[in-house]
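Asks: output the structure for:
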Amino acid sequence: MSSSTIYVAVHAGAGHHDKISEKSVRQAMKRACTEALRVASLPGTDLLSVVERAIVELEDDENLNAGTGSNLTLDGTVECDAAIMDGRTGDFGSVGAVPGVKNPIKLAKAILYHSRKLDKLGRIPPVTLVSSGARSFAVQSGVETVDPESMISKRAKVDWQKWIERYNEVREEIIPKAIASPVGAIQDTVGAVAWDNCGNVAAGVSSGGLLLKHSGRVGEAAIFGAGCWAQQSADGKTSAACSISGTGEHIIKAGLARVIGDTFHFAKNQEGTDVHDLLVNVLTERFYRPAVGHGILRPNAGVLLLTTESGNSKPRLWCAFTAEGMAIAYASSERPTPKVRSNDHDTFAHEHSIGNDPSTATHYQQT
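Replies: Alright, predicted model coming up:
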């Protein structure tokens with residue numbers, strides 16, 4: 001892959017990032033882009049490894065809700081979800097509610113690779129593994145495992161202690177339930193998308209899940225068609241790769257990542273296709289309004305989408321969200337210095353040009 005042109009983009013989630021962690025988050029995203037491009041320059045590297053390397057950098061940063069530093073469960077433990085998808089083959093691998101795996105995205109990729117192998121007994125290889133079974137597979141596959149306690153950061157422990165006290169107060173009906181919600185905690189998911197000049201795309205996602213989630217809860221980052229999606233035409237001229245962040249249960253119900261991919265590929269054959277309008281419409285009609293209809297006051301979702309369309313040799317990068325903000329970064333082998341954008345508007349779709357000098361709000365719409 002060393003001779004290919006590579007584009008990579010990452011996100012640190014849609015939702016809350018406090019002022020204290022903002023600088024670290026920006027640096028982590030820059031490192032993720034730089035490391036992804038470094039790996040891409042090595043001979044024999046595939047696009048999945050580019051996405052994996054970017055997400056590993058994000059998982060290793062304790063200020064982000066993935067890998068080490070993830071939110072804690074109701075029981076005070078770390079359980080992670082992750083997924084990765086190859087747009088060329090449609091292959092997918094994911095892991096859910098797994099403890100003690102240093103980089104869950106590595107395990108997701110190992111599961112994807114394993115799914116390509118023929119079983120001597122004719123068994124169908126899994127594409128998703130969860131909990132202790134996923135950890136056992138990590139050991140068998142040589143994916144690094146660690147003491148689960150070592151993945152608990154000081155920040156995550158402080159957040160957990162604060163909110164477990166409020167949770168216990170709610171159970172005893174000391175304070176109203178309405179104000180006992182960890183809205184200030186980092187709830188989001190991290191992810192990456194990548195493209196090469198052969199028209200191949202890949203996408204990945206990783207998350208520690210909701211703070212105070214039930215042990216064993218599996219979020220959108222592990223679910224096929226929910227947390228990430230990658231697909232491309234046979235000739236490689238049209239492609240889409242996306243990584244999703246936000247409230248997992250509502251994203252799962254919407255099948256949000258796959259809906260975006262399918263809608264884009266259907267619309268590409270229609271005259272006047274506008275990716276901005278497509279994104280806003282999907283987020284509004286397939287995610288936001290159904291969730292509001294079920295009584296959710298502010299359903300959060302964020303989308304990082306990389307597209308290529310016939311007649312345009314350069315990919316386009318899009319960011320759209322319903323949350324209070326979304327942090328992204330992007331770079332290419334042609335322009336390797338990462339660019340960081342921290343968008344803080346309401347629901348919108350926003351295009352970033354990564355083939356040329358990056359542009360700001362070339363497309364914007366309030367919904």
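
Asks: hmm, residue 204 and residue 83 touching each other?
Replies: Yes. Shown here, residue 83 and residue 204 form a contact pair, counting by C-beta atoms under 8 Å, at 6.5 Å. From N, CA and C alone the C-beta is placed, and that goes for glycine too.

Asks: which neighbours do the two share?
Replies: 108, 228 (C-beta atoms under 8 Å, 6 or more residues apart in numbering).

Asks: next, the contact list for residue 152, please.
Replies: The contact partners of residue 152, by C-beta under 8 Å, 6+ apart, come to 72, 76, 77, 78.

Asks: which pair in those spans the largest distance?
Replies: Largest separation among the contacts of residue 152 by C-beta to C-beta: 76 and 78, giving 9.0 Å.

Asks: which of the two has more neighbours?
Replies: More neighbours surround residue 78 than the other of residue 76 and residue 78, with 24 against 15 (other C-beta atoms under 10 Å).

Asks: check the more buried one and give its pLDDT.
Replies: For residue 78, the pLDDT comes out at 98.

Asks: can you tell me how far it sits from residue 150?
Replies: From residue 78 over to residue 150 the distance is 9 Å, taken as C-beta to C-beta, to the nearest Å.

Asks: would you map the helices across the stretch 101-250 of the chain?
Replies: Assigned helices in the stretch 101-250 of the chain, in chain order: 104-115, 131-141, 154-171, 248-254 (criterion: DSSP state H, counting those that start in this stretch).

Asks: can you tell me which of those has the worst average pLDDT?
Replies: Note on those: helix 154-171 shows the lowest mean pLDDT, a mean of 92.

Asks: how about that one: buried residues?
Replies: Buried residues in helix 154-171, defined by neighbour count with 16 or more other C-beta atoms under 10 Å: 155, 156, 159, 160, 163, 164, 166, 167, 170.

Asks: tell me the secondary structure for residue 58?
Replies: Under DSSP: H, G, I helix; E, B strand; the rest coil, residue 58 falls in the helix class.

Asks: please verify my assumption that it contacts residue 69.
Replies: No. Taking contacts as C-beta under 8 Å, residue 58 lies outside contact range of residue 69: 10.2 Å.

Asks: more neighbours, those two?
Replies: Neighbours around residue 58 and residue 69, counted as other C-beta under 10 Å, are more numerous at residue 58. The numbers are 29 against 22.

Asks: shared neighbours, residue 78 and residue 150?
Replies: Here residue 78 and residue 150 have residue 68 as joint contacts, going by C-beta under 8 Å, 6+ apart.

Asks: picking that back up, JSON lines for the contacts of residue 152, including secondary structure and distance to residue 214?
Replies: Below are these laid out as JSON lines (DSSP: H, G, I helix; E, B strand; the rest coil; distance: C-beta to C-beta, whole Å):
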{"residue": "72", "secondary structure": "coil", "distance to residue 214": "12"}
{"residue": "76", "secondary structure": "coil", "distance to residue 214": "13"}
{"residue": "77", "secondary structure": "coil", "distance to residue 214": "11"}
{"residue": "78", "secondary structure": "coil", "distance to residue 214": "14"}
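
Asks: quick one: neighbours of residue 191, just the number.
Replies: Counted with other C-beta under 10 Å, residues neighbouring residue 191 total 36.

Asks: beta partners for it?
Replies: residue 11, residue 205 (DSSP bridges).

Asks: just the strands from the stretch 201-350 of the chain, written as ranges.
Replies: Along the stretch 201-350 of the chain, the segments classed as strands by DSSP state E, counting those that start in this stretch run 201-207, 228-232, 239-246, 301-309, 312-321, 326-332, 339-343, 348-352.

Asks: list just the one of these that sits closest to residue 47.
Replies: Closest approach to residue 47 among the strands of the stretch 201-350 of the chain is made by strand 201-207 (4.3 Å; C-beta to C-beta).

Asks: the inter-axis angle of that closest one versus helix 104-115?
Replies: Taking axes from the mean of the first three to the mean of the last three C-alpha atoms, to 10 degrees, one finds that strand 201-207 is oriented at 130 degrees with respect to helix 104-115.
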